[in-house]
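Visitor: sequence? don't have it. structure:
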Ligand code: F6R
């Protein structure tokens, strides 16, 4: 049931503080301020050679964010590919490797095929899935449930942020097992994770501002999303969300790639959404934003209080979130990105929950 909401997507976006809290409670031992994975692992993180990740669409973007986390917090090398490529490219996989597949439905054909390929190549297989009775859940060695509850809207929202919450916990557990994170580091990351539901509630307050912005977005042909670090996969996610429900063409780019091509697109008609929490790469992203401004581009900046104070450029709009630990920023920044796509689609009058040509679960290639 949609309750007071016009669409399942709206309901599911607004459920995120609650469902993410629920997911975190499953992975965090609050009393000890540690991560506690809910299942015994059939492998040892300390002995892993490499992690391979395969997934599709939004789940793939969650995987890219997880790659940054595994590398930073566990010093584990990660390779990631979309499942439709991974399954056929006959990648050589290491002796002691872990395959992580990520899927809301647990039935996506290419993701399942990637799991089977990895298993045949002797990998340990971990599934991060939302549907516990799914084929992918059944065939994995170990399942990390995302516990988002049923997701009805075709555009993934709460499944994505619950995937991130789960993957963050797994990365912290890996970092501890590999001796990369001290008890103190782990406590700090747990503290940051526990703050997420409250910060998500703050982010949801951007509804009216994103709605206002959607009026100008509904009149454009193309939108460019830029981000660095973990904001880069969020730029990809923002573009996917906008195109799938509003049918406006959008592209996500790593901010540093701007001058390698997409800068040619910049004019006074195309909005450029810059996702830039005040983190270690903030200044770099600001200089890319400067390049957009210098060419008369229309900038929508999504940042935090500190970032908004430091960004001196004029923007069409600045969406301001509270300051937060950069480690958990992707979970919170997902919300304005979703809200913007949602309100633009409503403005366009499209079928938000059931966009044309799309299926909730892609069980054929
Ligand atoms: C985008 C979206 C799709 C799915 C993709 C994978 O909003 O929903 O891109 O993320 O089809 O689906 P699952 O996670 O079920 O494997």
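Guide: Nice, I can see it. The structure displayed is predicted, hence computed values, not measured ones.

Visitor: how many neighbours does the residue in the chain that the ligand sits nearest to have?
Guide: Residue nearest to the ligand within the chain (CB to the nearest ligand atom): residue 57, separated by 1.8 Å. (Each C-beta comes from the backbone N, C-alpha and C, glycine too.) Residues near residue 57, counting by other CB atoms under 10 Å, number 22.

Visitor: hang on, isn't it packed against residue 156?
Guide: Yes - if you go by CB atoms under 8 Å, residue 57 and residue 156 touch, sitting 7.2 Å apart.

Visitor: can you give me the strands for the stretch 101-250 of the chain?
Guide: Here the stretch 101-250 of the chain has its strands, by DSSP state E, counting those that start in this stretch, at 124-129, 142-145, 222-227, 249-254.

Visitor: Strands along the stretch 251-365 of the chain, start to end?
Guide: Under DSSP E, counting those that start in this stretch, the stretch 251-365 of the chain gives strands at 271-275, 298-304, 317-321.

Visitor: What residues does the stretch 251-365 of the chain have near the ligand?
Guide: 361, 362 (CB under 6 Å from any ligand atom).

Visitor: quick one: low-confidence parts of the stretch 251-365 of the chain?
Guide: Within the stretch 251-365 of the chain, not a single segment meets pLDDT under 70.

Visitor: mind checking pLDDT for residue 1?
Guide: With respect to pLDDT, residue 1 has a value of 84.

Visitor: Return the distance of it relative to residue 150.
Guide: According to CB to CB, to the nearest Å, residue 1 and residue 150 sit 11 Å apart.

Visitor: So for those two, which residue has more residues nearby?
Guide: Between residue 1 and residue 150, residue 150 has the larger neighbour count (other CB under 10 Å), namely 11 against 7.

Visitor: Backbone dihedrals for the more buried one, please?
Guide: phi -60, psi 130 (degrees, to the nearest 10).

Visitor: Residue 121 too?
Guide: Dihedral angles (degrees, to the nearest 10) for residue 121: phi -90, psi 10.

Visitor: what's it in contact with, if anything?
Guide: If you count contacts by CB atoms under 8 Å, 6 or more residues apart in numbering, residue 121 has them with residue 93.

Visitor: Look at it and report its pLDDT.
Guide: pLDDT, residue 121: 97.

Visitor: give me the number of residues near residue 91?
Guide: If you count neighbours by other CB under 10 Å, residue 91 ends up with 16.

Visitor: What ranges in the stretch 51-200 of the chain fall below the confidence cut-off?
Guide: Nowhere does the stretch 51-200 of the chain drop to pLDDT under 70.

Visitor: Highest average neighbour count across the strands of the stretch 251-365 of the chain: which stretch is it?
Guide: strand 271-275 (a mean of 27; mean count of other CB atoms under 10 Å).

Visitor: so that strand versus strand 317-321, what angle?
Guide: 20 degrees (axes from the mean of the first three to the mean of the last three CA atoms, to 10 degrees).

Visitor: Which strands or helices does strand 271-275 pack on?
Guide: Counting contacts by 3 or more CB pairs under 8 Å, 6 or more residues apart in numbering; DSSP states H and E, strand 271-275 packs against strand 222-227, helix 231-246, helix 282-294, strand 298-304, helix 329-348.

Visitor: Show me the contact partners of the fourth one.
Guide: Right, the one you point to is strand 298-304. Applying CB under 8 Å, 6+ apart, the contact partners of strand 298-304 are 213, 268-278, 282, 289, 292-293, 307-308, 311, 313-324, 333, 336-337, 340.

Visitor: Help me confirm that residue 169 comes into contact with residue 37.
Guide: Yes - taking CB under 8 Å as the definition, residue 169 is a contact partner of residue 37 at 7.0 Å.

Visitor: Which one's more surrounded, these two?
Guide: Between residue 169 and residue 37, residue 169 has the larger neighbour count (other CB under 10 Å), namely 24 against 19.

Visitor: sorry, back to before: ok, for the residue of the chain closest to the ligand, nearest residue in space, not its chain neighbours?
Guide: Once flanking residues are discounted, residue 57 sits nearest to residue 240: 6.7 Å by CB to CB, 6 or more residues apart in numbering.

Visitor: Contacts only, for residue 229.
Guide: By CB under 8 Å, 6+ apart, the residues touching residue 229 are 68, 279, 280, 281.

Visitor: May I have the predicted confidence score for it?
Guide: Reported pLDDT for residue 229: 98.
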